[in-house]
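S.K.: here is my input; please provide its structure:
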Amino acid sequence: MLDRLWRRWLSPAVLLAGVLVVLGLVARSPSGFGTVMLFGGFGFAMIYAGLRNPVVAAFFLLLTIFLRLALPPIFPVDPFMLAFAGMIGSVAIGVARRRCRVPQVGALEGVMVLYVLWNIASMITSHKYLATVPTTGEELAVPRFLMTGTVIPFALYFVGRFVFDRESAVRRLLWMILGLGAYSAAVSIMQLRGPVALVWPSYIVETPAWEGRAVGIFNQPVVNGLVLIIGFIVAMVLAGERSEPLWRRVLAVAIALASAYGVYLTHTRAVWLAFAIVLVGGALYARGFRSGFVSGIAVSVLAVATNWSTFTSADRQAGGVGSEGELLDRLNTLATSVWAIREEPLLGWGVGRFTALNTYHHTQWSSDVPWVRGFGIASHLNELGIVAELGLIGLVLWLAVLVLVCVKLIRAYRALPAEGLCGRRLGFVAIMTFLVLVVTGLTVDLRFFDFPNAIVMLLAGVAIGFADRLPNGQEQESAGVSAGRVER
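M.R.: Numbering: from 1, shown residues only. The predicted structure is shown next:
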């Protein structure tokens, strides 16, 4: 009965949504009716395809998050929010029509839900300070901050675990990630090496937030570096995958080289550290395709050894890592976090309030560190930012999420078959990208990094889901339900 109702009302609902998209574009677009119809038709096609297949809906969500800064403000809401609602609707339709498995809540999923609820409680509770940047008066949109930094990544974990259960879906996901990583590498190289006329969006070269550093489409070198590293990891895996045609493997190698060079062009120590960990991890555990990682280590060591004086200098644009300014910023923000924890240990000062705290209660690490360093900036240590805003309760819940994801990924890697794209290679990708995210969190507040969070949590869910579906420890078959009926 329910299935017949979906069949009857799905097409009219999609038609109505498409009409609303076109009307919204007509009302908002300054570019003329032709452009409106073009985007309206494309939006209609996306809605229809996304509602029919949750995998496609997840791809659209990733794409809209990737393009968040670049897309013009045509809609009254962010496109990624529409894509997120579409993905949730697509999963609901899939479950109702028995095309998707019903998501099950275990310990990890339960802690994720509790962490989200704790964030929501902090958001709706009144606090001493507003979620603003006092030095500029800019307000932080806390609901959006919560959505991009927590809710969407956790939702993608659920989708990855319970929807991506076909090898074909995983293969398309990896190639999509690689494509976005290749674009990031291309604009990173062209931003600093040319031709700059080919770079889109133009703000990358005209008004980069960090001059002389590869900021990518995100206009942020750390986020861009994370995406480049994730693209490098996926490229190395696909380059060593013998089931791929030769031309695709060659293409993956080329993208890996471009991504590695893009990582260098970020001139960001946290990104370089994460990339070094990836190279070492690949050399140790990338069985069957470790040669690229070993070569990367050799080239990196040779480059550092031959340019040691430059590498240890304070000239960031030349590749130096000796600048002390950012270290001093982090020391003072750390001292501010410690003060905040002492004052409000359990409940915290409220989600999104660290910048205000670091303005009104900015604390000096020591007399050797100038007081002005780090004044009024966001937290540069993920866990300390969380505990300052959400208290020890929020920190415990977040650490529980990290620990449980880590444990499940290690178990998945051990359980997955040695061969095949959806075997330990998938586990390797998920573990390394998760490790990169955690390491980067030692220098930044990860909640501001929407796209890397989304990718990492989706990959973690996919790997854990494939391991969960192994029948009595036997190798995972490629059949599943991501784009068709549940097989009985």
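
S.K.: which residues in the stretch 1-150 of the chain form helices?
M.R.: Assigned by DSSP state H, counting those that start in this stretch, the helices in the stretch 1-150 of the chain fall at 2-28, 33-52, 54-66, 79-96, 107-124, 142-146.

S.K.: and the third one, what does it pack onto?
M.R.: Pointing back at helix 54-66 there. In terms of contacts (3 or more Cβ pairs under 8 Å, 6 or more residues apart in numbering; DSSP states H and E), helix 54-66 is packed against helix 33-52, helix 79-96, helix 152-162, helix 167-193, helix 450-468. Using the backbone N, CA and C atoms, a C-beta is placed for each residue, glycine as well.

S.K.: try 6 Å this time
M.R.: helix 33-52, helix 79-96, helix 167-193, helix 450-468 (3 or more Cβ pairs under 6 Å, 6 or more residues apart in numbering; DSSP states H and E).

S.K.: those: which one's closest to Trp365?
M.R.: helix 450-468 (28.4 Å; Cβ to Cβ).

S.K.: return the alpha-carbon coordinates of the closest one using CSV.
M.R.: Extracted as CSV, the C-alpha positions of helix 450-468 are listed here (Å, rounded to 0.1, in the frame of the first residue of the first chain):
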residue,chain,number,x,y,z
ASP,A,450,32.5,21.4,6.4
PHE,A,451,33.8,19.5,3.3
PRO,A,452,36.6,17.5,4.9
ASN,A,453,34.4,16.5,7.8
ALA,A,454,31.7,15.3,5.4
ILE,A,455,34.1,13.3,3.2
VAL,A,456,35.9,11.6,6.2
MET,A,457,32.7,10.6,8.0
LEU,A,458,31.1,9.3,4.8
LEU,A,459,34.2,7.1,4.0
ALA,A,460,34.3,5.9,7.6
GLY,A,461,30.6,4.9,7.4
VAL,A,462,31.2,3.1,4.1
ALA,A,463,34.1,1.1,5.4
ILE,A,464,32.4,0.1,8.6
GLY,A,465,29.2,-0.8,6.8
PHE,A,466,31.0,-3.2,4.4
ALA,A,467,32.7,-4.9,7.3
ASP,A,468,29.4,-5.2,9.2
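
S.K.: who's in contact with it?
M.R.: Here helix 450-468 makes contact (Cβ atoms under 6 Å, 6 or more residues apart in numbering) with 65-66, 148, 152-153, 156-157, 160-161, 164, 226, 230, 405, 408, 412, 415-416, 422, 426-427, 429-430, 433-434, 437, 476.

S.K.: returning to what we had before: among the helices and strands packed on helix 54-66, show me which one is buried the most.
M.R.: Compared across those, helix 450-468 shows the largest average neighbour count, a mean of 26 (mean count of other Cβ atoms under 10 Å).

S.K.: give me the angle between that helix and helix 152-162.
M.R.: 20 degrees (axes from the mean of the first three to the mean of the last three Cα atoms, to 10 degrees).

S.K.: how far off centre is helix 450-468?
M.R.: Taking Cα atoms, centre = their mean, to the nearest Å, one finds helix 450-468 lying 10 Å from the centre of the chain it belongs to.

S.K.: check stretch 173-189 too.
M.R.: How far stretch 173-189 lies from its chain's middle: 13 Å, per Cα atoms, centre = their mean.

S.K.: one more: stretch 269-284?
M.R.: 18 Å.

S.K.: contacting residues for the residue nearest to Gly296 when sequence neighbours are not counted?
M.R.: Closest residue to Gly296 apart from its sequence neighbours, by Cβ to Cβ, 6 or more residues apart in numbering: Leu279 at 4.6 Å. Counting by Cβ under 6 Å, 6+ apart, Leu279 makes contact with Phe293, Gly296, Ile297.

S.K.: in ChimeraX, select just the buried ones from those.
M.R.: Burial among the contacts of Leu279 is assessed by 16 or more other Cβ atoms under 10 Å; the matching ChimeraX selection reads:
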select :293,296
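
S.K.: and which of the contacts of Leu279 is nearest to Ala260?
M.R.: Ala260 lies nearest to Gly296 out of the contacts of Leu279, by Cβ to Cβ, at 6.4 Å.

S.K.: got any ranges where the stretch 51-200 of the chain has weak pLDDT?
M.R.: 51 (pLDDT under 70).

S.K.: and the closest residue to Leu114 other than its chain neighbours, backbone torsions?
M.R.: Counting by Cβ to Cβ, 6+ apart, Leu114 lies nearest to Leu397, which is 5.6 Å off, once chain neighbours are set aside. Note on Leu397: its backbone torsions stand at phi -60, psi -40 [degrees, to the nearest 10].

S.K.: and stretch 469-476, average pLDDT?
M.R.: On average, the pLDDT along stretch 469-476 is 61.

S.K.: could we number from 40 for the rest of this?
M.R.: Sure thing, new numbering starts at 40, so read that last one as stretch 508-515.

S.K.: returning to that earlier point: among the contacts of Leu318, which lie within strands?
M.R.: In strands, judged by DSSP state E, none of the contacts of Leu318 are found.

S.K.: could I get the contacts of Leu318 as a markdown table with distance to Pro115 and pLDDT?
M.R.: Output for those, formatted as a markdown table (distance: Cβ to Cβ, whole Å; pLDDT from 0 to 100):
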| residue | distance to Pro115 | pLDDT |
| --- | --- | --- |
| Phe332 | 46 | 95 |
| Gly335 | 46 | 92 |
| Ile336 | 50 | 94 |
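
S.K.: run a quick neighbour tally on Ser376.
M.R.: By other Cβ atoms under 10 Å, 24 other residues sit near Ser376.

S.K.: pretty sure it contacts Val426?
M.R.: No. Between Ser376 and Val426 there is no contact under Cβ atoms under 6 Å: 7.1 Å.

S.K.: next, Arg412: secondary structure please.
M.R.: Assigned by DSSP: H, G, I helix; E, B strand; the rest coil, the conformation of Arg412 is coil.

S.K.: quick check: it touching Asp368?
M.R.: Yes. Arg412 lies in contact with Asp368 (Cβ under 6 Å); the separation is 5.1 Å.

S.K.: what about the helices in the stretch 190-339 of the chain?
M.R.: Under DSSP H, counting those that start in this stretch, the stretch 190-339 of the chain gives helices at 191-201, 206-232, 242-245, 260-278, 285-304, 308-324, 330-345.

S.K.: most neighbours per residue, which of those helices?
M.R.: Buried most deeply of the helices of the stretch 190-339 of the chain, by mean count of other Cβ under 10 Å, is helix 260-278, with a mean of 28.

S.K.: redo the contacts of Leu318 as a markdown table? Include distance to Pro510.
M.R.: Output for the contacts of Leu318, formatted as a markdown table (distance: Cβ to Cβ, whole Å):
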| residue | distance to Pro510 |
| --- | --- |
| Phe332 | 32 |
| Gly335 | 37 |
| Ile336 | 39 |
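
S.K.: go through the contacts of Leu318 and name the one nearest Gly220.
M.R.: In terms of Cβ to Cβ, no member of the contacts of Leu318 lies closer to Gly220 than Gly335, at 15.5 Å.

S.K.: roughly how far apart are the closest one and Val483?
M.R.: Going from Gly335 to Val483 by Cβ to Cβ, to the nearest Å gives 24 Å.

S.K.: please consider this matter closed, and thank you.
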